[in-house]
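Visitor: Next come a sequence and a model predicted from it.
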Amino acid sequence: QIQLVESGGGLVQAGGSLRLSCAASGRTLTSYAMGWFRQVPGKEREWVAAIPSNDDSTYYPDSVKGRFTISRDNAKNMVYLQMNSLKPQDTAVYYCAARIATGSSWYKWVYDYDYWGQGTQVTVSS
């Protein structure tokens, strides 16, 4: 079973940048499609990025497209989320997620993923 641990959250001013990291252990990431989600108290968890297991393609909702970049380093068992031009509405707890998948498959729904990290808080001040 894979374990995921996020890090890199914090407080940043609007317009600033943060890089979140997701460290995987227990399994290598080469067989896992990965995603990042975020959640604000009282709201549903929202998808923000996805990357397949064996493909460099990346996918984003319109709300973050052009500002967020997901990447993976399978050799280091790491996934990253680079967040630029941050806005106060990006404030949330950010979660890394994984599911076993092959090829170019990618996923954007919470129920698609089997493994989750504990989350890291991102706060963007205006």
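Guide: Happy to help now that I have it.
Visitor: Run through the strands of the chain in chain order.
Guide: Along the chain, the segments classed as strands by DSSP state E run 3-7, 10-13, 18-25, 32-39, 46-51, 68-73, 78-83, 92-100, 115-116, 120-125.
Visitor: Point out the most buried one among the ones you listed.
Guide: Mean neighbours per residue, mean count of other Cβ atoms under 10 Å, is largest over those for strand 32-39, with a mean of 25. For glycine as for every other residue, the C-beta is placed from the backbone atoms N, C-alpha and C.
Visitor: who does that one touch, helix- and strand-wise?
Guide: Applying 3 or more Cβ pairs under 8 Å, 6 or more residues apart in numbering; DSSP states H and E, one finds that strand 32-39 contacts strand 18-25, strand 46-51, strand 68-73, strand 78-83, strand 92-100.
Visitor: got those as TSV, with distance to residue 35 and mean pLDDT columns?
Guide: TSV is the format used below for those (distance: least, Cβ to Cβ, whole Å; pLDDT from 0 to 100):
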stretch	distance to residue 35	mean pLDDT
strand 18-25	10	97
strand 46-51	4	98
strand 68-73	8	97
strand 78-83	9	98
strand 92-100	5	98
